[in-house]
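Student: quick one, structure for this:
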Amino acid sequence: MSDEPARLAEGMTPATRERARIENHVCEFAGCGKRAPFGFARPRQPSHWYCLEHRAEGDRHL
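Tutor: Presented below is the predicted three-dimensional model:
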């Protein structure tokens, strides 16, 4: 392995992608509204987000 960054083969162009964005999730616990960095979801299901204090509530979504 090398410490050099990977390079595209000659003639190839990088795939374009949307500008990276940070989504600010809010805790779903009733009446909380704090920042929610903990997401819970089953495969192909919508995510549910909780703050540190209510993180245990997310287990029911797994």
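
Student: could you use CA atoms for every contact and neighbour count after this?
Tutor: Noted.

Student: do a quick rundown of the strands in this structure.
Tutor: Taking DSSP state E as the criterion, the chain contains strands spanning 38-40, 48-50.

Student: which of these is buried the deepest?
Tutor: Among those, ranked by average contacts under mean count of other CA atoms under 10 Å, first place goes to strand 48-50 (a mean of 22).

Student: given that one, what are its sheet partners and their directions?
Tutor: strand 38-40 (antiparallel) (DSSP bridges).

Student: so what touches stretch 43-60?
Tutor: Residues from elsewhere that reach stretch 43-60 (CA atoms under 8 Å, 6 or more residues apart in numbering): 25-29, 34-41, 61.

Student: and with 7 Å instead?
Tutor: Applying CA atoms under 7 Å, 6 or more residues apart in numbering, the external contacts of stretch 43-60 come out as 25-29, 34-41.

Student: measure it end to end?
Tutor: End-to-end distance for stretch 43-60, by CA to CA, to the nearest Å: 14 Å.

Student: what's the offset of that stretch from the middle of its chain?
Tutor: Centroid separation for stretch 43-60 versus its chain: 12 Å, with CA atoms, centre = their mean, to the nearest Å.
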